[in-house]
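mind folding the following:
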Amino acid sequence: MQDFVKILGLKHRREVAGKSAIFSGEHFVLEETDWYLLNLFRLWWHYGISFLRLQMWVEEVMEKFMRIYKYQAHGYAFSSLEELLRSLGGEAFVNMTQRSVAESLLEVGVTQRFVDDVIAAVLRSSYGQSVLVPAFAGAMSLAGAQGSTWAVEGGNKLVCSGLLKLTKANVISARVTGISLHSSEGRALYQVHYESTEGQGSAFYDMVVVTTPLHPSRSNFTFENFDPPIADFPGAFHPSVTSVVHGYLNSSYFGFPDPKLFPFTSILTTDTPDLFFHAVDNICPVNVSAAFRRKQPQEAAVWRGRVLSRQPLDKQQLKTLFRSYYSVQVAEWQTYPRYDAARALPPVVLHENLFYLSAVEWVASSMEMVAVAAKNVALLAYNRWHQELEKIDQKDLMHKVKTEL
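Coordinates of the predicted model:
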């Protein structure tokens, strides 16, 4: 995504320092301090060298994953998620979508306690799910938790709006209701049906990219005249509720009777049945000026709580987390796939020139993964249209790329 940001002339949002902690429902199992060496000592004291084993495992995965940018820079594309993963890390990467992150980490020497305390907290905060998510999705989430991610000044939405403006795309503000297959001079032609405020309409296209998830809980349009028919794929999306609260955090609930002594801006949680939230964060605005500072613990601040249930925080839960509050804004949506380590991956190619972008979310779901998948689909469509088949699903790409330099 950083390449898009540079092209669009956007700026990196300034980071605001803050400390994190992991809460078990009764006490903090791990607390971050201002001193790097003390943080390392605490990790070693509680978990031995598990944090080093984790870092080595994540770095190895990410180093291989970064190969995709070299491949795409040379115009190579992949017709399936399995082929893409094999080009990066062989069968080991494909297998990482079929086994849990907990199993993979235990295999490399990470302790069960570290998995239960730290790994579970990170995955609850990111995906809202347990350590049973597939290893590849877990690795992407853990890589993002190591502090290397960044945001765009003004909000990440500027990336999307900026790209639309840059490409001068003709945007039709409508909801797609279906896609039907036709033919013209022996080539597939796709009729896209849609509904807008002006009524129903349709248009014909040589190529179509489907970006909405094709699963029963999310898909709301149909495919017609396809043989074999295109049906919804198995699986579901995980419901999530985010409550944005402007108020005074109840530090006593976390063991700090005096709010002035509460040092944390981000609270993650272990997988404890009685906990009704996944994480609570003191959030910053999308525009961070040089003079901006976080609110002190005793001051009213804007907090974001990601709750476990499908329902928003009730009054009793709000009273548990906050001494008092001014406002609550709630957003409910189906955020990420409900990961199942044994589930087959969806296809990228649905028909001759009909592509499925959101299939990549079942490998791992993030802005970076979707950006990679989007470029792969663009290259795949281009290579297929121009019959540059030597650029599709090639083996031993690392050697080919080196010889092309």
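
helices and strands around the lengthiest strand in the chain, which ones?
Assignment by DSSP state E gives strand 322-337 as the longest strand of the chain. If contacts are counted by 3 or more Cβ pairs under 8 Å, 6 or more residues apart in numbering; DSSP states H and E, strand 322-337 sits against strand 237-249. Using the backbone N, CA and C atoms, a C-beta is placed for each residue, glycine as well.

quick check: what element follows the strand it packs on along the chain?
Once strand 237-249 ends, the next helix or strand along the chain (criterion: DSSP states H and E) is strand 264-269.

what are the pairing partners of that next one, and which direction each?
Using DSSP bridges, the strands paired with strand 264-269 are strand 19-23 (parallel), strand 277-282 (antiparallel).

could I get those strands as a markdown table with mean neighbour count and distance to residue 297?
Output for those, formatted as a markdown table (neighbours: other Cβ atoms under 10 Å; distance: least, Cβ to Cβ, whole Å):
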| stretch | mean neighbour count | distance to residue 297 |
| --- | --- | --- |
| strand 19-23 | 19 | 11 |
| strand 277-282 | 21 | 9 |
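
between those, which gets nearest to residue 220?
Closest approach to residue 220 among the strands paired with strand 264-269 (Cβ to Cβ): strand 277-282, 27.6 Å.

could you check the angle strand 237-249 makes with the closest one?
Put simply, strand 277-282 runs at 50 degrees to strand 237-249, going by axes from the mean of the first three to the mean of the last three Cα atoms, to 10 degrees.

average pLDDT across strand 277-282?
Strand 277-282 carries an average pLDDT of 90.

try stretch 228-238
85.

now swap in stretch 114-133 and tell me
93.

show me what contacts the nearest residue to residue 265 once chain neighbours are set aside?
Setting aside the residues directly before and after it, residue 265 is nearest to residue 18 in space (Cβ to Cβ, 6 or more residues apart in numbering), at 3.2 Å. The contact partners of residue 18, by Cβ atoms under 8 Å, 6 or more residues apart in numbering, come to 264, 265, 266, 282, 294.

ok, so of the residues you listed, who is nearest residue 302?
Among the contacts of residue 18, and counting by Cβ to Cβ, the member closest to residue 302 is residue 282, at 7.3 Å.

residues in contact with the closest one?
Taking Cβ under 8 Å, 6+ apart, we find residue 282 in contact with 18, 249, 265, 266, 294, 295, 301, 302, 303.

and the residues you listed, which of them are buried?
Neighbour counting by 16 or more other Cβ atoms under 10 Å classes 249, 265, 266, 301, 302, 303 among the contacts of residue 282 as buried.

farthest pair in these?
Checking the buried ones among the contacts of residue 282 with Cβ to Cβ, the most distant pair is 266 and 302, at 13.2 Å.

pull out the buried positions in the strand or helix carrying residue 375.
Under the criterion of DSSP H and E, residue 375 resides in helix 367-385. Neighbour-count burial for helix 367-385 flags 369-381, 383-384 (criterion: 16+ other Cβ under 10 Å).

then stretch 199-219?
207, 208, 209, 210, 213, 214, 215.

which among those residues gets closest to residue 144?
residue 213 (21.0 Å).

ok, the nearest residue to the closest one once chain neighbours are set aside - contacts?
In space, and not counting its chain neighbours, residue 213 is closest to residue 358: 4.8 Å by Cβ to Cβ, 6+ apart. Neighbouring residues of residue 358 by Cβ under 8 Å, 6+ apart: 210, 211, 212, 213, 214, 370, 373.

in a strand, that's where residue 358 is, yeah?
No. Assessed with DSSP: H, G, I helix; E, B strand; the rest coil, residue 358 is helix; it does not lie in a strand.

in strands only, show me the contacts of residue 358.
residue 210.

ok, so of the contacts of residue 358, who is nearest residue 174?
residue 212 (13.2 Å).

tell me the spacing between the residue lying closest to residue 322 once chain neighbours are set aside and residue 324.
The spatially closest residue to residue 322, leaving aside those adjacent along the chain, is residue 247, at 4.4 Å (Cβ to Cβ, 6+ apart). Remark: distance between residue 247 and residue 324 (Cβ to Cβ, to the nearest Å) = 6 Å.

who has more neighbours out of the two?
Legend: neighbour count by other Cβ atoms under 10 Å for residue 247 and residue 324, higher for residue 247 (18 against 10).
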